[in-house]
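Trainee: From the sequence below, what's the structure:
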Amino acid sequence: MKILILGGKRFLGIALVEAALEAGHTPTLFNRGKTNPDLFPNVKNLVGDRDGNLEALKRRKWDAVIDTSGYLPRVVKQSASFLSGKCDSYTFISSISVYQDFKTPDIAEDYPLAQLEDPEDENYMGDAYGPLKALCEYEIQKNFKGRTLVIRPGLIVGPNDPTDRFTYWPWRVSLGGKVLAPAPPSSNLQFIDVRDLASFVINMIEKEKEGAYNVTGPKKPATFGSLLVACREAAMSETNFVWVEEPFLINEGVSPWTDLPLWVPSADPSYAGFYNININKALKEGLKFRPISQTVTDTLEWLHSLREVKKMKIGMDISRETKLLMKYQSQFQN
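Mentor: Numbering: from 1, shown residues only. Below is the predicted model of the structure:
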């Protein structure tokens with residue numbers, strides 16, 4: 001198949017190109033040519049801007065398009081309308097953030113979607129991210145004449161992740177010493193390796209599937225404890241985990257995600273379903289997962305291949321972590 005990928009030069013886009021090539025397809029990339037310009041030299045790259053400059057896509061046709069970079073409805077509308085008649089199917093990478101809330105466990109694809117409070121709000125880096133993604137889904141279904149496939153991933157992790165949300169833990173554990181971890185170690189986590197996500201997307205396009213699919217994992221719930229043990233084994237470190245109780249963390253002003261990536265306090269009922277997304281529909285279509293140990297190992301190897309990393313974009317400063325551990329242990333472990 002000939003597959004057009006809107007983006008293709010970072011994280012999920014990279015994994016999609018690799019998965020498409022491995023499956024024997026011919027990908028074409030469309031982007032502004034600014035990110036990783038030397039990547040995939042043997043893959044055709046069309047330069048333009050999906051917001052008003054789609055000229056490079058004229059007089060061309062593909063079997064499918066994968067939209068990895070749609071955040072604003074008015075921009076997605078342009079690509080959906082322009083590519084209608086040029087592609088048999090349109091696959092949109094959306095997000096589980098499209099749902100109106102996470103108060104209910106076992107959220108399936110028919111759960112109500114979020115509504116944008118301010119129609120003029122285009123700040124997709126903030127609270128409007130989910131509602132904007134939901135509107136993007138609508139614009140594709142309305143403007144594209146062909147099959148539409150909507151993929152709603154949870155947290156995407158693995159090599160080439162620019163966010164450091166997952167990468168923080170393999171990196172921090174690799175440093176050794178005492179590591180502050182949010183108790184309890186049995187708390188659930190859900191995430192999807194970017195390569196497993198990419199393989200699923202390509203497979204679904206091959207099978208000419210349509211509709212919406214939640215795509216996260218693993219099949220059996222992971223826990224914070226199992227993740228950190230996998231990190232310790234991958235790093236071959238002698239790290240000791242100090243599982244700090246939630247009330248202490250909250251009282252000390254420790255921020256979920258920002259200070260401790262992946263941590264969602266159980267005290268907040270509005271996120272009871274965040275790590276309990278129903279993925280049965282995707283599982284029936286053959287969604288598969290590599291072992292967490294492999295994801296952690298490959299992520300750490302990728303990180304070390306870049307340079308010596310002394311600080312993550314998010315996560316707790318080591319000096320603050322040390323002070324909190326000393327305070328916690330002096331209060332509760334004497």
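Trainee: which intervals of the stretch 201-334 of the chain have sub-threshold pLDDT?
Mentor: Applying pLDDT under 70 to the stretch 201-334 of the chain flags the ranges 333-334.
Trainee: all strands for it, in order.
Mentor: For the stretch 201-334 of the chain, the strands defined by DSSP state E, counting those that start in this stretch cover 211-215, 222-223, 240-244.
Trainee: which strands and helices sit next to the second one?
Mentor: Based on contacts counted as 3 or more CB pairs under 8 Å, 6 or more residues apart in numbering; DSSP states H and E, the elements that strand 222-223 packs against are strand 188-189. Just so you know, the C-beta spots here come from the backbone N, C-alpha and C atoms, and that holds for glycine as well.
Trainee: ok, the strand it packs on: who's next to it in the sheet?
Mentor: Using DSSP bridges, strand 188-189 pairs in its sheet with strand 222-223 (antiparallel).
Trainee: residue ranges for the helices of the stretch 151-300 of the chain, please.
Mentor: Along the stretch 151-300 of the chain, the stretches classed as helices by DSSP state H, counting those that start in this stretch are 168-174, 194-206, 224-235, 246-251, 280-284, 292-306.
Trainee: Let me have these in JSON lines, extended by mean neighbour count and distance to Gly85.
Mentor: JSON lines is the format used below for the helices of the stretch 151-300 of the chain (neighbours: other CB atoms under 10 Å; distance: least, CB to CB, whole Å):
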{"stretch": "helix 168-174", "mean neighbour count": "23", "distance to Gly85": "44"}
{"stretch": "helix 194-206", "mean neighbour count": "23", "distance to Gly85": "18"}
{"stretch": "helix 224-235", "mean neighbour count": "20", "distance to Gly85": "46"}
{"stretch": "helix 246-251", "mean neighbour count": "15", "distance to Gly85": "54"}
{"stretch": "helix 280-284", "mean neighbour count": "15", "distance to Gly85": "29"}
{"stretch": "helix 292-306", "mean neighbour count": "17", "distance to Gly85": "39"}
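Trainee: With respect to Phe30, which of those lies nearest?
Mentor: helix 194-206 (16.7 Å; CB to CB).
Trainee: Trp243: how many residues sit nearby?
Mentor: By the measure other CB atoms under 10 Å, the count of residues near Trp243 is 16.
Trainee: Identify the residue spatially nearest to it, adjacent ones excluded.
Mentor: Ala183 (4.0 Å; CB to CB, 6 or more residues apart in numbering).
Trainee: Which of the helices of the stretch 151-300 of the chain sits closest to Asp49?
Mentor: Of all those, helix 194-206 sits nearest to Asp49, with 23.7 Å by CB to CB.
Trainee: Redo the helices of the stretch 151-300 of the chain as TSV? Include distance to Ile318.
Mentor: TSV is the format used below for these (distance: least, CB to CB, whole Å):
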stretch	distance to Ile318
helix 168-174	8
helix 194-206	27
helix 224-235	16
helix 246-251	17
helix 280-284	38
helix 292-306	17
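Trainee: out of the ones you listed, nearest to His25?
Mentor: That would be helix 194-206 among these, by CB to CB, at 7.2 Å.
Trainee: what sits up against that closest one?
Mentor: In this structure, residues lying in contact with helix 194-206 by CB atoms under 8 Å, 6 or more residues apart in numbering are 1, 3, 11-12, 15-16, 18-20, 23, 25, 64, 66, 89, 91, 93, 149, 151, 153, 156-161, 213, 215, 217, 282, 285-290.
Trainee: and if you look at stretch 21-30?
Mentor: When contacts are defined by CB under 8 Å, 6+ apart, stretch 21-30 is touched by residues 1-9, 13, 16-17, 20, 40, 43-48, 50, 56-57, 60, 62, 202, 206.
Trainee: just stretch 297-310 next, same as before
Mentor: The contact list for stretch 297-310, computed with CB under 8 Å, 6+ apart, reads 157-161, 166-167, 170-171, 174, 231, 234-235.
Trainee: Just the C-alpha atoms of the helix or strand hosting Lys77, please, in PDB.
Mentor: Using DSSP states H and E, Lys77 sits within helix 73-83. The C-alpha trace of helix 73-83 is given here as PDB (Å, rounded to 0.1, in the frame of the first residue of the first chain):
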ATOM      1  CA  PRO A  73     -10.300  21.200  14.200                       C
ATOM      2  CA  ARG A  74     -10.000  24.000  11.500                       C
ATOM      3  CA  VAL A  75      -6.600  22.600  10.400                       C
ATOM      4  CA  VAL A  76      -7.700  19.000  10.400                       C
ATOM      5  CA  LYS A  77     -10.700  20.000   8.400                       C
ATOM      6  CA  GLN A  78      -8.400  21.300   5.700                       C
ATOM      7  CA  SER A  79      -6.500  18.000   5.400                       C
ATOM      8  CA  ALA A  80      -9.700  15.800   5.600                       C
ATOM      9  CA  SER A  81     -11.400  17.800   2.900                       C
ATOM     10  CA  PHE A  82      -8.300  18.100   0.700                       C
ATOM     11  CA  LEU A  83      -7.500  14.400   0.900                       C
END
